[in-house]
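A.B. asks: okay, sequence plus prediction incoming.
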Amino acid sequence: MILEMASDSLGDRIALDGREPMTYAQLATRARRVATYLAKHPCENVVLVDLNSPAVPITLFGAAIAGKPFAPVNYRLADDRLRAIIKRTTPCLVIGGTGVSERIGDIEGVEYIDRDVLLAVGNDESLPETDGWGCDPDSTAVLLFTSGTTGDPKAAVLRHRNLAAYLVSSLEFGSAGEDEATIVSVPPYHIASVSSVLSTTYVGRRVVQLASFDPQHWVDNVRRYNVTHAMVVPTMLNRILDVIDADGEGLPSLRSLAYGGGPMPMAVVERAITLLPGVDLVNAYGLTETSSTISVLGPDDHLVAFYSDEPHVRARLGSVGRPLPGVEVEIRDGVIFVRGDQVSGEYVGAGDGLDDGWFNTRDAGYLDDDGYLFVQGRVDDVIVRGGENLSPGEIEAVLLEHPAVDAAAVVGIPDVEWGERVVAVVVRCDDCTEEELRAHVRAALRSASTPERIAFRDELPFNETGKLLRRVLREELAAEFAD
Amino acid sequence: MTVSLKPGARYASTVCSTEVVVVKGSGDIDLRCGGAPMNPVDDGHGDGTGVAEPFNEGTLVGKRYTNDDESVEFLCTKAGDGSLSIGDTALFVKGAKPLPSSD
């Protein structure tokens, strides 16, 4: 339906820019040919194991028109985990890039085709286009495997009505200016990629895809294609700023830069405001299970907070702003609950787990007096020391205020006396000692929150979408600091 | 004639090219376009000859249409010459609440 509207009304606009630009009308034609192919195929799910390419939007829409769930899977997973996830989607058709076929091998119920074959199907003028546009609102549009930083990945179910609710309630159809372009660098298996395909189509904006993220490549493409809009995860932003800082040429075409997908250090936000004057910054908070964005800190909020002398207004730079119009937010015992048509909360084999429509995000947080939402990390990451709940995010924020600290992570490790004790990992950009940092935290918070031990490292372990691998850190530090 | 509202259900005008999808609403209502009852989208369109005044102001693709108490909401997916109403009460375009792009 989304693509139908774009094709009817905005068909001449460029959907995908690059060496061979594709219009929205062409995207629709190709997606409907692919839909014909997918509808005839005996598969139940359409799996994509690949980098960004035109196959992403063509397959997403093609599967939707054919009435089959689209399941983009993380191509960076180890082979055994990739195979395990694909097995859970059988019978399925797997579309992959170079080398994927060898990696998954033979699995019962899996048929494999190369991405180029899929693209050729889209280009095959002898194939009929599917009549109609599919999209039963209650059927599954997308299956996304959560990153599973705390355990086995769960398959989140997003139905057409969830995704459509997000678009219709938060965006205006066809509202993009003719010169606008978005650069997409998040991988296809991330909810931000799915929502980006849908929202750019709905507003009619040109898309520039990066096969995968590289900061120099990103900056080059923004300049070459006059990109006006972008969405990045926190680790990407700091690396992009490094490139701009080094060459001093800025990003003249860029108007709006959205970030999200994990906690963003306030220092990086301040650096972006300084290095990218005139660019609207947008902080978006959302989860896979909520069809992406549920709360937004807009450009004006950023500037008001940045230039404010009042501490509680300035603090909003570290908030995720206010909920979208179609979303309600409630804090229950320090945990963020959300409700709205775009909220799915459903996993394969587990139902939706919603309570009167409310979804437990398992993110800790609070609302300030003006309704700004602050996110304080995953509930599961809370450290319980001697019966007292300590927020790693709060301690990390204090560590990051120290001028010698470039990055910091705080976790709890098992302790005989306290249940858990607080330890930290710090990446230094200047000299400082463990004792200096402990004194710094003790002065700002209190002794219970002060890390008992601090390890120094060259970098922190992140997964490819910028999420800190706390589980890995916990294991490493438990071994390192064992009594 | 009335139709049963359900979010996601799609209706077509019988007198012009307008198509809508239900965004919000429930129960049975007398949904019209161009003054004539609308059909489920699979039942097809009219030719635009029968658009009756004052329901001839047209629909715009991508606009959301609602009533006074905002108990119903429709997204126009295809534009046409007729305008939407419930019985004789015209629906109007819901004010846009532009949000910054987050993706």
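C.D. replies: Everything's here; your move. Residues are numbered from 1 along each chain as shown, chains lettered A, B, ... in the order given.
A.B. asks: which parts of the stretch 151-300 of chain A sit against chain B?
C.D. replies: A:160-161, A:164-165, A:168, A:170-175, A:182, A:192, A:195-196, A:199, A:203, A:229, A:231, A:256, A:258, A:260, A:280, A:282, A:284, A:286, A:292-293, A:296, A:298-299 (C-beta under 8 Å from any C-beta of the partner chain). For glycine as for every other residue, the C-beta is placed from the backbone atoms N, C-alpha and C.
A.B. asks: for those residues, which ChimeraX command selects only the ones that are buried?
C.D. replies: Here is the ChimeraX command that selects the buried residues among those (16 or more other C-beta atoms under 10 Å in any protein chain shown):
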select /A:160,161,164,165,168,170,171,172,173,174,182,192,195,196,199,203,229,231,256,258,260,280,282,284,286,292,293,296,298,299
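A.B. asks: of the residues of the stretch 151-300 of chain A next to chain B, which belong to helices?
C.D. replies: Of these, the ones assigned to helices by DSSP state H are A:His160, A:Arg161, A:Ala164, A:Ala165, A:Val168, A:Ser170, A:Ala192, A:Ser195, A:Ser196, A:Ser199, A:Val203, A:Pro299.
A.B. asks: as CSV, those residues with pLDDT and distance to A:Arg470 would be great.
C.D. replies: As requested, those are arranged in CSV below (pLDDT from 0 to 100; distance: C-beta to C-beta, whole Å):
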residue, pLDDT, distance to A:Arg470
A:His160, 93, 34
A:Arg161, 92, 34
A:Ala164, 92, 34
A:Ala165, 91, 32
A:Val168, 88, 36
A:Ser170, 86, 31
A:Ala192, 91, 21
A:Ser195, 93, 25
A:Ser196, 93, 27
A:Ser199, 94, 30
A:Val203, 94, 36
A:Pro299, 90, 31
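A.B. asks: just the pLDDT at the residue in the stretch 1-150 of chain A that chain B sits nearest to, thanks.
C.D. replies: Nearest to chain B, among the residues of the stretch 1-150 of chain A, is A:Pro137, at 2.5 Å (C-beta to the nearest C-beta). A:Pro137 carries a pLDDT value of 88.
A.B. asks: quick one, phi psi at the residue lying closest to it once chain neighbours are set aside?
C.D. replies: What sits nearest to A:Pro137 in space, not counting adjacent residues and going by C-beta to C-beta, 6 or more residues apart in numbering or on different chains, is B:Gly8, at 2.5 Å. Dihedral pair for B:Gly8: phi 100, psi -20, per degrees, to the nearest 10.
A.B. asks: wait, what's in contact with B:Gly8?
C.D. replies: By C-beta atoms under 8 Å, 6 or more residues apart in numbering or on different chains, the residues touching B:Gly8 are A:Asp136, A:Pro137, A:Asp138, A:His160, A:Arg161, A:Ala164, B:Val21, B:Val22.
A.B. asks: check it and give its pLDDT.
C.D. replies: Reading off the model, B:Gly8 has pLDDT 82.
A.B. asks: distance of it from A:Arg32?
C.D. replies: Relative to A:Arg32, B:Gly8 is positioned 20 Å away (C-beta to C-beta, to the nearest Å).
A.B. asks: what do you get for B:Gly44?
C.D. replies: B:Gly44 is 20 Å from A:Arg32, where distance means C-beta to C-beta.
A.B. asks: cool, A:Val472 as well?
C.D. replies: Separation of A:Val472 from A:Arg32 (C-beta to C-beta): 44 Å.
A.B. asks: and A:Val117, by the same measure?
C.D. replies: According to C-beta to C-beta, A:Val117 and A:Arg32 sit 17 Å apart.
A.B. asks: between these two, who's got more neighbours?
C.D. replies: The residue with more neighbours, out of A:Val117 and A:Arg32, is A:Arg32; 26 against 12, by other C-beta atoms under 10 Å in any protein chain shown.
A.B. asks: for chain B, what lies in contact range of chain A?
C.D. replies: Chain B has residues B:7-10, B:21, B:23, B:61-64, B:75, B:77-79, B:96-103 near chain A, with proximity defined as C-beta under 8 Å from any C-beta.
A.B. asks: buried ones among these?
C.D. replies: Buried by 16+ other C-beta under 10 Å: B:7-10, B:21, B:23, B:61-64, B:75, B:77-79, B:99-103, out of those.
A.B. asks: quick check: the gap between the residue of the stretch 151-300 of chain A found nearest chain B and A:Cys43.
C.D. replies: Nearest residue of the stretch 151-300 of chain A to chain B: A:Phe173, at 2.4 Å (C-beta to the nearest C-beta). Relative to A:Cys43, A:Phe173 is positioned 32 Å away (C-beta to C-beta).
A.B. asks: what of A:Ala230?
C.D. replies: For A:Ala230, the distance to A:Cys43 - C-beta to C-beta - is 34 Å.
A.B. asks: who has more neighbours out of the two?
C.D. replies: More neighbours surround A:Ala230 than the other of A:Ala230 and A:Cys43, with 28 against 21 (other C-beta under 10 Å).
A.B. asks: which residues touch that one?
C.D. replies: A:Thr182, A:Ile183, A:Ser185, A:Val222, A:Leu254, A:Ser256, A:Leu257, A:Ala258.
A.B. asks: where does the stretch 301-450 of chain A dip in pLDDT?
C.D. replies: Filtered on pLDDT under 70, the stretch 301-450 of chain A yields no residues whatsoever.
A.B. asks: got the residues of it near chain B?
C.D. replies: Going by C-beta under 8 Å from any C-beta, the residues of the stretch 301-450 of chain A near chain B are A:Leu324, A:Pro325, A:Asp341.
A.B. asks: helices of the stretch 51-200 of chain A, start to end?
C.D. replies: Using DSSP state H, counting those that start in this stretch, the helices of the stretch 51-200 of chain A run over A:55-66, A:79-87, A:100-104, A:115-123, A:160-170, A:191-203.
A.B. asks: out of the ones you listed, deepest packed?
C.D. replies: Highest mean neighbour count of the helices of the stretch 51-200 of chain A: helix A:55-66, a mean of 28 (counted as mean count of other C-beta atoms under 10 Å in any protein chain shown).
A.B. asks: show me how far that helix is from its chain's centre.
C.D. replies: 20 Å (C-alpha atoms, centre = their mean, to the nearest Å).
A.B. asks: just stretch A:401-415 next, same as before
C.D. replies: Between the mean C-alpha position of stretch A:401-415 and that of its chain there is a distance of 23 Å (C-alpha atoms, centre = their mean).
A.B. asks: got a list of contacts for it?
C.D. replies: For stretch A:401-415, the surrounding residues in contact (C-beta under 8 Å, 6+ apart) are A:265, A:381, A:383-385, A:390, A:392, A:395-396, A:399-400, A:420-432, A:436-437, A:440, A:444, A:451, A:459-460, A:468, A:470, A:473-474, A:477-478, A:481.
A.B. asks: again, only this time at 6 Å
C.D. replies: A:383, A:392, A:395-396, A:399-400, A:420-421, A:423-430, A:432, A:440, A:460, A:468, A:470, A:473-474, A:477-478 (C-beta atoms under 6 Å, 6 or more residues apart in numbering or on different chains).
A.B. asks: in helices, which of those residues fall?
C.D. replies: Of the positions in the contacts of stretch A:401-415, A:Pro392, A:Ile395, A:Glu396, A:Leu399, A:Leu400, A:His440, A:Arg470, A:Leu473, A:Arg474, A:Leu477, A:Ala478 sit in helices, assigned by DSSP H.
A.B. asks: quick one, what contacts the fifth one?
C.D. replies: Looking back up the chat, that one is A:Leu400. Applying C-beta under 6 Å, 6+ apart to A:Leu400 gives the contacts A:Pro265, A:Ala408.
A.B. asks: same thing but at 8 Å, please
C.D. replies: A:Leu400 makes contacts with A:Pro265, A:Met266, A:Ala267, A:Ala407, A:Ala408, as judged by C-beta under 8 Å, 6+ apart.
A.B. asks: which of those are buried, as a PyMOL select command?
C.D. replies: Burial among the contacts of A:Leu400 is assessed by 16+ other C-beta under 10 Å; the matching PyMOL selection reads:
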select buried, chain A and resi 265+266+407+408
